[in-house]
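Colleague: got a predicted structure here, sequence first:
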Amino acid sequence: MTIYLNGQYLPIEEARISVLDRGFIFGDGVYEVIPVYSRRPFRPAAHLQRLQHSLDGILLANPLSLAAWTAIFERLIALCETEDQYLYLHITRGVAPRDHPFPDPPVPPTVFVMANPLLMPPASLVASGVAAITAPDNRWLRCDIKAISLLPNVLLRQMSVDAGCSETILFRSESLTSNAFLTEEAFLTEGSASNIFVFKNGVLAAPPKDHLMLPGITYDVILEIAEANAIPYQIRKIAVAEVFAADELLLTSSTREVQAITHLDGKPIGTANPGPLFQKIHTLYQKFKREVMRAQ
Ligand code: PDD
């Protein structure tokens with residue numbers, strides 16, 4: 001596999017970065033994941049805009065122009081063996097002696113991009129839905145930045161693996177303590193690596209895109225589909241009780257598309273099967289993807 005690293009295209013086995021890279025030492029960097037369907041990036045402008053937001057959030061200049069990013073994407077996509085892929089972009093503050101403040105004068109950032117095959121969720125999983133667990137959202141207060149320092153997300157996601165589940169759904173409360181997060185005032189933020197939607201009595205609801213969650217590109221696609229198909233929706237704070245009492249729960253991400261959550265902490269959600277809203281959104285999402293790809 002050929003990857004891009006700091007201006008060079010290299011076999012991944014030959015790619016090297018310094019142990020003093022601030023990404024390695026401090027997790028001082030940001031990333032993006034862009035799905036590629038039929039060798040065409042899906043919503044690249046939206047992903048690059050979110051990358052810019054993340055870079056602004058960590059006070060790091062965008063190292064490349066739009067034309068340069070596009071040229072890298074094209075070359076890596078052409079080299080990848082599958083039609084459907086995902087691009088992974090990773091930028092760190094570069095290599096410098098270990099010290100917390102930014103290097104002064106600044107050093108060149110480290111820029112890494114790779115294209116990997118994108119494995120679609122299997123049909124069986126789409127048909128059966130997935131189980132999830134809950135956990136306190138113990139991350140920082142800038143979850144809108146797609147930071148490479150993902151230790152909380154990694155630990156939270158592993159909790160669901162250890163429980164035999166597919167995702168960990170996160171809740172915050174103003175007075176969060178680790179053993180009292182499912183309190184009345186607790187509210188939904190997102191999944192450990194996905195956004196979450198609640199469907200009740202014909203209305204779709206999602207938390208606002210604020211500093212407590214990653215503004216998902218797939219989240220936007222779902223809302224556009226809802227808008228175009230007269231599915232009523234609300235963007236608002238969602239209480240923990242509403243999540244457990246939902247008729248349907250959905251998770252979304254660039255690599256998992258849209259999936260139905262049928263069980264939460266072992267309790268059934270709605271009928272404990274992917275419901276009519278999921279079926280509708282899933283079908284519309286596939287159609288939408290095909291149309292967007294054809295139109296490009
Ligand atoms: N993660 N929230 C979190 C914390 C995420 O990590 C992700 C995606 C999302 C969904 O965003 P989008 O729809 O733009 O993919 C929400 C990617 C896929 C990852 O880290 O691999």
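Modeller: Arrived safely. Residues are numbered from 1 along each chain as shown.
Colleague: low-confidence regions, the stretch 101-250 of the chain specifically.
Modeller: Residue ranges of the stretch 101-250 of the chain with pLDDT under 70: 176-180.
Colleague: residues in it within reach of the ligand, list them.
Modeller: Contact residues, the stretch 101-250 of the chain versus the ligand (CB under 6 Å from any ligand atom): 153, 190, 193-195, 214, 216-219. Yep, even glycine has a C-beta here, placed from its N, CA and C like the rest.
Colleague: which ones among these lie within helices?
Modeller: 153, 217-219 (DSSP state H).
Colleague: and of those, the nearest to Gly202?
Modeller: Relative to Gly202, the closest of these is Tyr219; by CB to CB it sits at 19.8 Å.
Colleague: and the closest one, how far is that from Glu74?
Modeller: According to CB to CB, to the nearest Å, Tyr219 and Glu74 sit 27 Å apart.
Colleague: these two: who's more crowded?
Modeller: With neighbours defined as other CB atoms under 10 Å, Tyr219 and Glu74 compare such that Tyr219 has more, 22 against 12.
Colleague: give the contact list for the more buried one.
Modeller: Residues in contact with Tyr219 (CB atoms under 8 Å, 6 or more residues apart in numbering) are 195, 197, 206, 209, 252.
Colleague: quick check: closest non-adjacent residue to Leu1.
Modeller: Let me fix one detail, which is that residue 1 is Met and not Leu. Ile12 (4.7 Å; CB to CB, 6 or more residues apart in numbering).
Colleague: unless I'm mixing things up, the one you found is touching Leu5, no?
Modeller: No: checked against CB atoms under 8 Å, the pair Ile12 and Leu5 is beyond contact range at 9.2 Å.
Colleague: more neighbours: those two, which one.
Modeller: Leu5 (18 against 10).
Colleague: look up how far the ligand lies from the residue nearest to Met1.
Modeller: In this view, Ile12 and the ligand are 18 Å apart by CB to the nearest ligand atom, to the nearest Å.
Colleague: Arg40 versus that residue, what's the distance?
Modeller: Separation of Ile12 from Arg40 (CB to CB) stands at 23 Å.
Colleague: show me where the stretch 1-150 of the chain has helices.
Modeller: 22-26, 44-57, 66-79, 123-128 (DSSP state H, counting those that start in this stretch).
Colleague: so for the second one, what gets flagged as buried?
Modeller: It stands for helix 44-57. By neighbour count on 16 or more other CB atoms under 10 Å, the buried set for helix 44-57 is 44, 47-48, 50-51, 54-55.
Colleague: list the contacts for the residue nearest to Met1?
Modeller: Contacts for Ile12 (CB under 8 Å, 6+ apart) come out as 1-3, 114.
Colleague: show me the contacts for Asn201.
Modeller: Shown in contact with Asn201 (CB under 8 Å, 6+ apart): Asp247.
Colleague: now do the contacts for whatever residue of the stretch 1-150 of the chain ends up closest to the ligand.
Modeller: Per CB to the nearest ligand atom, Val33 is where the stretch 1-150 of the chain lies closest to the ligand, at 4.1 Å. Taking CB under 8 Å, 6+ apart as the criterion, Val33 is in contact with 47, 86-89, 254-255.
Colleague: and if you look at Arg236?
Modeller: When contacts are counted by CB under 8 Å, 6+ apart, Arg236 is found next to 205, 207-208.
Colleague: tell me the one of the residues you listed nearest Pro268?
Modeller: Nearest to Pro268 among the contacts of Arg236: Ala205, at 19.4 Å, using CB to CB.
Colleague: just checking, the closest one touches Gln234?
Modeller: Yes: with contact defined as CB under 8 Å, Ala205 reaches Gln234; the gap is 4.7 Å.
Colleague: neighbour-wise, which of the two wins?
Modeller: Using other CB under 10 Å as the criterion, Ala205 and Gln234 rank with Ala205 on top: 20 against 10.
Colleague: what bridges to that one?
Modeller: Residues in a beta bridge with Ala205, per DSSP bridges, are Val198, Gln234.
Colleague: who are the contact partners of Phe199?
Modeller: 205, 246-250, 275, 277.
Colleague: distance-wise, check it relative to Leu250.
Modeller: As for Phe199, its distance to Leu250 is 7 Å (criterion: CB to CB).
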